[in-house]
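Enquirer: Could you work out the structure for the sequence below:
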Amino acid sequence: MIYVTRRAEFSASHYYHNPQLSPEENRRIFGKTNNPNGHGHNYALEVTVAGEVDPKTGMVMDLKDLKQLLETEVMQEMDHRFLNKEVPAFATTIPTTENIAVEIWKRLELKLRVGKLHRIRLYETPDLFVDYYGNR
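Expert: Here you go, the predicted model:
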């Protein structure tokens, strides 16, 4: 098994708010991140695909195809967006780094034609990242 990873970067804004909680409880739990005007992050995304090397091409998959998939499913949908208001999945789900990673997995897993999605690693800052391996 070979693991191939592609990296992409995007920027987005969001805020943390649970409508099932009172305004006071939201402020207590989420602090400054509960500001309805949002705050932004520069994200770094690593997508790892696992598979066997195709003897005909010498590749697990053509990385141009993975780059295009990231462009259509992540960059066009999330880059420079207010996630809570512009990405339908986050209208009802708090766009934490963890939930963003899960959403990216869902978007890519359905459209990946070659190999198997192995890992999503999403960096929110250089020293904070989330690894997601799907529902194993």
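
Enquirer: could you pull out the helices for this protein?
Expert: 23-30, 63-70, 76-78, 83-86, 97-111 (DSSP state H).

Enquirer: C-alpha coordinates for the first one, PDB please?
Expert: In PDB, the C-alpha atoms belonging to helix 23-30 read as follows (Å, rounded to 0.1, in the frame of the first residue of the first chain):
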ATOM      1  CA  PRO A  23     -26.600  33.300  24.700                       C
ATOM      2  CA  GLU A  24     -24.800  33.300  28.100                       C
ATOM      3  CA  GLU A  25     -23.900  29.600  27.800                       C
ATOM      4  CA  ASN A  26     -22.600  30.100  24.200                       C
ATOM      5  CA  ARG A  27     -20.400  33.000  25.400                       C
ATOM      6  CA  ARG A  28     -19.200  30.900  28.400                       C
ATOM      7  CA  ILE A  29     -18.300  27.900  26.300                       C
ATOM      8  CA  PHE A  30     -17.000  29.500  23.100                       C
END
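
Enquirer: Show me what counts as buried in it.
Expert: Neighbour-count burial for helix 23-30, with 16 or more other Cβ atoms under 10 Å as criterion, is recorded at 26, 30. From N, CA and C alone the C-beta is placed, and that goes for glycine too.

Enquirer: In TSV, list the helices of the chain along with distance to Arg119.
Expert: Shown next, in TSV, are the helices of the chain (distance: least, Cβ to Cβ, whole Å):
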stretch	distance to Arg119
helix 23-30	27
helix 63-70	13
helix 76-78	18
helix 83-86	22
helix 97-111	9
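
Enquirer: for those helices, which one sits closest to His41?
Expert: helix 97-111 (8.3 Å; Cβ to Cβ).

Enquirer: same for the helix or strand bottoming out on mean pLDDT in the chain, what does it pack against?
Expert: Here the helix or strand of the chain ranked lowest by mean pLDDT, DSSP states H and E is strand 128-132, holding a mean of 91. Here strand 128-132 touches helix 97-111, strand 116-125, going by 3 or more Cβ pairs under 8 Å, 6 or more residues apart in numbering; DSSP states H and E.

Enquirer: who's Gly51 bridged to?
Expert: Ile2 (DSSP bridges).

Enquirer: Right, I'll leave it there.
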